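Asks: need a structure here:
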Amino acid sequence: MIAMQRKRIWGWYFFDWASQPYNTLLITFIFAPYVKELIGDGAQAQAAWGFGIGAAGVVIAILAPVLGAISDVSGHRLRWIWVFSVMYVVGSFALWWAAPGDFDLMRTLIFFAIGMIGMEFATIFTNSMLPDLGSREEVGRISGSGWAFGYLGGLISLILMLALLQENTDTGRTMIGIEPILGLDPEMREGTRAVGPLTAIWYAVFMIPFFLWVRDPKSAKAPPGAVKKALRGLAGTIAGLPRHPSLFAYLGSSMFYRDGLNGMYVFGGIYASGVLGWSITDIGIFAIIAIISGAVFAWIGGRADESFGPKPVITVSILVLTVTAVSIVLISRESIYFVPVAEGSSAPDILFYLIGALIGAAGGTLQAASRTMMVRQANPDRMAEAFGLYALAGKATSFIAPLSIGVATALTQSQQLGVSPLIALFLIGLILLRWVNPEGGEPASTAEDRAAWPAT
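Replies: Below you'll find the model as predicted:
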């Protein structure tokens with residue numbers, strides 16, 4: 001029995017391992033900077049990318065809680081994961097056709113959004129399985145270890161990409177000095193464009209342990225009127241949220257701080273390329289540092305979560321990210337915290353590498369502890385619905401970071417000032433966290449409350 005449960009936990013870990021390259025390779029470090037190169041202007045690329053990611057976030061925000069509610073009533077969590085896995089694979093693979101000379105920004109953003117929506121929706125259902133994997137005290141460690149394992153997968157996929165596929169635009173060779181493997185043409189940027197197929201194949205291969213070892217304990221047979229019942233229950237849940245201030249505050253807090261973190265991930269590569277003039281190699285080193293830091297501290301954060309609970313871990317992580325966001329705005333080739341630097345100085349590069357380590361460390365611990373906190377706040381009988389609301393909280397304002405960065409960048413024509421809205425998002429999240437009960441939601445006080453959101 002213990003061996004079966006351990007295998008189930010490892011199968012669940014493999015979703016993080018399989019899906020992480022979408023964040024690492026596509027959203028942050030490889031594909032986003034490549035789009036900037038194709039568009040040519042850093043500010044224009046940052047604005048276009050912001051509007052595209054924001055539109056995908058709106059779709060996720062609208063549908064996430066509905067799908068979660070339907071899943072809780074009808075079961076079929078694994079079947080939903082299959083469906084959204086197909087979207088992940090199709091959307092990411094199609095990015096191969098984002099070729100120089102034949103670049104269609106709208107088509108690229110559509111396929112990117114399909115893959116991103118698939119990843120986010122699959123995550124709702126895998127996150128809802130977390131409480132089934134261990135006791136209340138154990139889920140923090142399990143969540144942190146899973147996130148660390150995911151970061152490790154992202155790191156290995158990034159190293160493979162940089163060493164074997166992505167070509168330097170000047171030399172046509174990869175980071176280790178060889179031509180891209182498989183006969184890929186550097187002139188047509190085929191090594192870089194291979195990031196789409198690599199991400200798709202990686203996911204398809206490493207989801208095999210997940211589908212082999214993870215079993216859904218929920219009934220797979222939908223009762224009559226399941227969809228109608230789910231939607232009615234979801235409406236009641238949303239209407240009842242103000243009567244549960246801890247849960248309400250947590251959803252609001254996470255809505256803002258996760259939006260700020262996603263803004264850092266989405267624009268990190270584009271920012272470094274445009275402001276510091278970093279090459280693909282520089283961005284690759286930055287990514288490796290961030291991912292190693294993220295893996296180590298996600299694991300450490302999981303142990304801290306198990307010992308102290310998720311709220312202190314979340315608080316410290318937000319504080320670190322706030323300081324980091326301020327630093328990003330104040331570091332450029334010309335100055336560091338308003339102090340001029342000599343031309344050709346390496347100080348901005350060194351500090352930005354340090355920023356990468358801080359983003360990785362705080363981001364990994366924050367995300368792992370956040371889903372642990374959601375488990376504490378949620379009704380265990382409606383966990384997929386809860387994580388649907390969690391996804392809604394993450395996406396209901398997910399357009400704010402990319403769109404505000406897009407607008408701020410377009411208005412100021414400055415990539416540095418363009419990312420300043422992230423500071424406000426972290427601070428709002430930190431303030432709202434004050435009203436979150438670290439032990440979970442309060443008991444329902446009325447029959448209406450119990451119908452809308454049964455006591456946890």
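
Asks: Going by C-alpha atoms from here, please, whenever you check contacts or count neighbours.
Replies: Noted.

Asks: Show the average pLDDT along the one helix or strand Met4 maps to.
Replies: Assessed by DSSP states H and E, Met4 sits inside helix 2-21. Computed over helix 2-21, the mean pLDDT rounds to 90.

Asks: Can you tell me what sits against that helix?
Replies: 119, 126, 133, 142, 145-147, 149-154, 157-158, 199, 202-207, 209-215 (CA atoms under 8 Å, 6 or more residues apart in numbering).

Asks: switch to 6 Å and redo it
Replies: Where contact means CA atoms under 6 Å, 6 or more residues apart in numbering, the residues beyond helix 2-21 that reach it are 146, 149-150, 153-154, 199, 203, 206-207, 209-210, 213-214.

Asks: now the helices: where do they sit in the stretch 1-150 of the chain?
Replies: 2-21, 31-39, 42-74, 77-93, 105-127, 139-160 (DSSP state H, counting those that start in this stretch).

Asks: pLDDT below threshold where in the stretch 251-400 of the chain?
Replies: For the stretch 251-400 of the chain, the stretches flagged by pLDDT under 70 are 266-270, 280, 395-399.

Asks: residue ranges for the strands of the stretch 251-400 of the chain, please.
Replies: Along the stretch 251-400 of the chain, the segments classed as strands by DSSP state E, counting those that start in this stretch run 335-336, 339-340.

Asks: Make TSV out of these and add mean neighbour count.
Replies: Shown next, in TSV, are the strands of the stretch 251-400 of the chain (neighbours: other CA atoms under 10 Å):
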stretch	mean neighbour count
strand 335-336	16
strand 339-340	10
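
Asks: a markdown table for those strands, including distance to Ser414?
Replies: Rendered in a markdown table, the data for the strands of the stretch 251-400 of the chain read as follows (distance: least, CA to CA, whole Å):
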| stretch | distance to Ser414 |
| --- | --- |
| strand 335-336 | 15 |
| strand 339-340 | 18 |
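
Asks: between the ones you listed, which gets nearest to Met188?
Replies: strand 335-336 (36.5 Å; CA to CA).

Asks: Need the residues that contact stretch 401-421.
Replies: Outside stretch 401-421, the residues touching it (CA under 6 Å, 6+ apart) are Ala47, Gly50, Phe51, Gly54, Gly263, Val329.

Asks: actually stretch 352-365, not the one I wrote
Replies: Phe286, Ile289, Ala290, Ile291, Ser293, Gly294, Phe297, Ala298, Gly301, Ser317.

Asks: And stretch 162-172, by the same measure?
Replies: By CA under 6 Å, 6+ apart, the list of residues contacting stretch 162-172 reads Arg173, Thr174, Met175, Ile176, Pro180, Ile181, Pro186, Gly191, Thr192.

Asks: Would you mind measuring from Ala384 to Arg303?
Replies: 25 Å (CA to CA, to the nearest Å).

Asks: What about the nearest residue to Ser71 once chain neighbours are set aside, how many residues nearby?
Replies: Leaving aside its chain neighbours, Ser71 sits nearest to Arg77 (6.1 Å; criterion: CA to CA, 6 or more residues apart in numbering). For Arg77, the count of nearby residues is 26 (other CA atoms under 10 Å).

Asks: Need the pLDDT of Arg77.
Replies: Reported pLDDT for Arg77: 85.

Asks: now Arg215
Replies: At Arg215, the predicted lDDT confidence score is 84.

Asks: Who are the contact partners of it?
Replies: So Arg215 contacts nothing (CA under 6 Å, 6+ apart).

Asks: Now do the SS call for it.
Replies: coil (DSSP: H, G, I helix; E, B strand; the rest coil).

Asks: backbone phi and psi for it, please?
Replies: As for Arg215, its main-chain torsions (degrees, to the nearest 10) stand at phi -120, psi 140.

Asks: Look up how far Ala295 lies from it.
Replies: For Arg215, the distance to Ala295 - CA to CA - is 26 Å.

Asks: Repeat that for Ser370.
Replies: 16 Å.

Asks: ok so, going back, Glu37: which of the contacts of helix 2-21 is nearest?
Replies: Nearest to Glu37 among these, with distances taken as CA to CA, is Thr199, at 20.3 Å.
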